[in-house]
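**Q** Predicted model follows, preceded by the sequence.
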Amino acid sequence: MAKAPTVEDVALAAGVSRQTVSNVINTPGIVKEATRERVERAIAELGYRPHMAARRLRTRRSSTIGIHLDPYAGGISGVVLDRFVHALTERAGDRGMRIQLYAARTPDEEIVRMGELTDGGEVDAVVITGTFHGDPRTRWLADRGVPFVAFGRPWGDDDVESPAHLWVDVDGAAGTRAATEHILAVAGPRVAFLGWPSGSGTGDDRERGWREAMAAAGATGERVACEESVGLARTTAGDLLARTRDLDGIVCASDSLAIGAHLAAAAAGRADLPVVGFDNTPAAEAIGLSSVEQLPEQVAAGVLELLMGPSGSVVDPRLLAAGEAHVLVVPRLVVR
């Protein structure tokens, strides 16, 4: 079995002292940029991983990132967050960090749990998911000075140049724009959008992509909505098909809605009607539906880049410029 690389191995490869390697790992801000980059390259090439227990004693940091584990609610689209948490755990481990899962049923309950973890020194930073307008979790974390990144934008007036907090998100509008353009190209100009009721930041963003693509093509289509449910989507899409018999396709805000729309189309004798979902879940793949792939692995990489940069520990978010405070992942359309 090969011997694990040591600090001395890294120092020799980088041409620096053992103390410089230790500084790069624990206090990178005091090391010159060129030297730090040389040491980081040596760490990456050798696959060196600091001894975490000793590091925690030295730095008085937990080397742990907390993330909320959503309650199990069944359905189809929850697999995206599962993939995100798995990818975050794997990539955090590569950076010498651990992930601490915690459960909470409401935002207020999550705030209590985050308080317990941060006050007890159990986590150095937090990742939250499912942000929404007026989210109390982001205000609480910012007021307490807890480093955090959200999977989901602040939903403010200027989330890019002047964001309220660090965030990573999927460009939902880009995804539905690509889906709409695909149907327009292969089927025709009458493309409907099946989304959630207005007021959801994520849902409204996905609707925007459909509207932009339709406007650019000079096309028109109906927008219909229902809650996240295969059954409700089947009923809603069935009503749409009954009154719009020349419909060329449907773009949906989720795979659950897309599966409902596909079932409605099949029941109406139009099983070949183009329907595109969002999330690219195994369920959509199994029945051959096209869908937008969110790429949660890229989201996880973006979260860690904002939290840690190239260093081996959580960085102070106040040191980041506004333009560095967000990552917007462009999804890809999977056509079947």
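**A** Looks like it arrived, so ask away.

**Q** quick one, what contacts the closest residue to Phe132 other than its chain neighbours?
**A** Excluding the flanking residues, the one nearest Phe132 by Cβ to Cβ, 6 or more residues apart in numbering is Gly201, at 6.0 Å. Every residue, glycine included, has its C-beta placed from N, CA and C. Going by Cβ atoms under 8 Å, 6 or more residues apart in numbering, Gly201 touches Thr131, Phe132, His133, Gly152, Arg153, Trp155.

**Q** can you rerun that using 10 Å?
**A** Gly201 sits next to Gly130, Thr131, Phe132, His133, Asp135, Gly152, Arg153, Pro154, Trp155, Asp159, Asp169, Gly172 when contact means Cβ atoms under 10 Å, 6 or more residues apart in numbering.

**Q** try Thr35
**A** Per Cβ under 10 Å, 6+ apart, neighbours of Thr35: Ala14, Gly15, Val16, Thr20, Val21, Asn23, Val24.

**Q** Name the member of those residues with the most neighbours.
**A** Comparing those by number of neighbours (other Cβ atoms under 10 Å), Val21 comes first, having 27 neighbours.

**Q** got the CA coordinates for the host helix or strand of that one in CSV?
**A** Using DSSP states H and E, Val21 sits within helix 18-26. The C-alpha coordinates for helix 18-26 follow below in CSV (Å, rounded to 0.1, in the frame of the first residue of the first chain):
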residue,chain,number,x,y,z
ARG,A,18,7.2,22.9,6.3
GLN,A,19,5.9,26.0,8.1
THR,A,20,5.0,27.6,4.8
VAL,A,21,2.9,24.6,3.8
SER,A,22,1.2,24.8,7.2
ASN,A,23,0.5,28.5,6.7
VAL,A,24,-1.0,27.8,3.3
ILE,A,25,-3.3,25.2,4.8
ASN,A,26,-4.3,27.1,7.9
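
**Q** State the mean pLDDT of that helix.
**A** On average, the pLDDT along helix 18-26 is 80.

**Q** same question, stretch 231-250
**A** Rounded mean pLDDT across stretch 231-250 is 95.

**Q** What segments of the stretch 51-200 of the chain are helices?
**A** Using DSSP state H, counting those that start in this stretch, the helices found in the stretch 51-200 of the chain span residues 52-59, 79-94, 107-119, 136-144, 172-186.

**Q** brain fart, the stretch 201-336 of the chain
**A** Counting by DSSP H, counting those that start in this stretch, the stretch 201-336 of the chain has helices at residues 201-217, 230-243, 255-267, 282-286, 296-308.

**Q** Tabulate those in TSV, adding columns for distance to Gly47.
**A** Listed next are these as TSV, based on distance: least, Cβ to Cβ, whole Å:
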stretch	distance to Gly47
helix 201-217	38
helix 230-243	45
helix 255-267	38
helix 282-286	33
helix 296-308	17
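
**Q** Can you tell me which of those is packed in deepest?
**A** Greatest average neighbour count among these goes to helix 255-267 (a mean of 25), per mean count of other Cβ atoms under 10 Å.

**Q** what's the angle between it and helix 79-94?
**A** 150 degrees (axes from the mean of the first three to the mean of the last three Cα atoms, to 10 degrees).

**Q** Output helix 255-267 as PDB, nothing but the C-alphas.
**A** In PDB, the C-alpha atoms belonging to helix 255-267 read as follows (Å, rounded to 0.1, in the frame of the first residue of the first chain):
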ATOM      1  CA  ASP A 255     -40.500  16.600 -14.500                       C
ATOM      2  CA  SER A 256     -43.600  16.000 -12.300                       C
ATOM      3  CA  LEU A 257     -45.600  18.400 -14.300                       C
ATOM      4  CA  ALA A 258     -44.200  17.100 -17.500                       C
ATOM      5  CA  ILE A 259     -45.100  13.500 -16.700                       C
ATOM      6  CA  GLY A 260     -48.700  14.600 -15.900                       C
ATOM      7  CA  ALA A 261     -48.800  16.600 -19.200                       C
ATOM      8  CA  HIS A 262     -47.500  13.500 -21.100                       C
ATOM      9  CA  LEU A 263     -50.100  11.300 -19.600                       C
ATOM     10  CA  ALA A 264     -52.800  13.800 -20.500                       C
ATOM     11  CA  ALA A 265     -51.500  14.000 -24.100                       C
ATOM     12  CA  ALA A 266     -51.500  10.200 -24.400                       C
ATOM     13  CA  ALA A 267     -55.100  10.000 -23.100                       C
END
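
**Q** and that helix, what does it pack onto?
**A** On a contact count with 3 or more Cβ pairs under 10 Å, 6 or more residues apart in numbering; DSSP states H and E, helix 255-267 meets strand 191-195, strand 223-225, helix 230-243, strand 249-252, strand 275-278, helix 282-286, strand 290-293.

**Q** and the angle from the longest one to helix 255-267?
**A** In other words, helix 230-243. Using the same axes, to 10 degrees: helix 230-243 against helix 255-267 is 50 degrees.

**Q** Show residues contacting helix 230-243.
**A** 75-76, 192, 194, 222-227, 229, 247, 250, 252-270, 273, 275, 283.

**Q** what distance separates stretch 210-224 from the centre of its chain?
**A** Relative to its chain's centre, stretch 210-224 lies at 26 Å (Cα atoms, centre = their mean, to the nearest Å).

**Q** Ends of that stretch, what's the gap?
**A** One end of stretch 210-224 sits 12 Å from the other (Cα to Cα, to the nearest Å).
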